[in-house]
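# take this sequence and fold it.
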Amino acid sequence: MPLDPDKHSDPAAASASLAAEAALLEARLRMLQEAIDTVDARIEAIHDALRHLHTTAPTSAETANSQERCEPSGDRMGKTVR
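Numbering: from 1, shown residues only. Here you go, the predicted model:
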């Protein structure tokens with residue numbers, strides 16, 4: 001569509017052009033909304049997975065205690081205590 005409205009002498013052609021542009025914009029809007037929905041679903045899935053990991057993962061203190069129980073006495077990180 002020309003930038004100068006005076007160059008458009010046919011209102012029917014202008015209407016058709018605007019309707020076609022509106023249809024393209026609406027299609028693009030639907031595509032963008034679907035993409036946003038996909039991203040939102042992925043964010044929610046990752047959020048749920050992280051929450052699950054947080055509730056099932058042992059704390060640092062629990063991890064340290066379990067490592068101490070697994071190591072032979074007097075041997076810490078490969079060093080023998082004398």
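# how far away is residue 33 from residue 25?
Taking Cβ to Cβ, to the nearest Å as the measure, residue 33 falls 12 Å from residue 25. For the C-beta atoms, the positions are set from N, CA and C on the backbone; glycine is no exception.
# longest helix in this structure, please.
helix 11-56 (DSSP state H).
# that one - contacts with which helices or strands?
For helix 11-56, there is no helix or strand it packs on, judged by 3 or more Cβ pairs under 8 Å, 6 or more residues apart in numbering; DSSP states H and E.
# can you list the low-confidence ranges for the protein?
Scanning the chain for pLDDT under 70 picks out the ranges 1-8, 59-82.
# try it again at 80.
Per-residue confidence for the chain (pLDDT under 80) gives these ranges: 1-9, 57-82.
# common neighbours of residue 33 and residue 25, please.
Residues touching both residue 33 and residue 25 (Cβ atoms under 8 Å, 6 or more residues apart in numbering): none.
# how about residue 54, what does it touch?
Applying Cβ under 8 Å, 6+ apart to residue 54 gives no contacts.
# relative to residue 19, how far out is it?
Separation of residue 54 from residue 19 (Cβ to Cβ) stands at 52 Å.
# and residue 12, what does it touch?
By Cβ under 8 Å, 6+ apart, residue 12 has no neighbours at all.
# with just CA atoms, put stretch 47-55 into CSV.
Provided in CSV are the C-alpha atoms of stretch 47-55 (Å, rounded to 0.1, in the frame of the first residue of the first chain):
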residue,chain,number,x,y,z
HIS,A,47,10.2,-25.6,37.3
ASP,A,48,8.5,-28.9,38.4
ALA,A,49,11.7,-30.9,37.7
LEU,A,50,13.8,-28.5,39.8
ARG,A,51,11.2,-28.5,42.6
HIS,A,52,11.3,-32.3,42.5
LEU,A,53,15.1,-32.4,42.7
HIS,A,54,15.1,-29.9,45.5
THR,A,55,12.7,-32.0,47.6
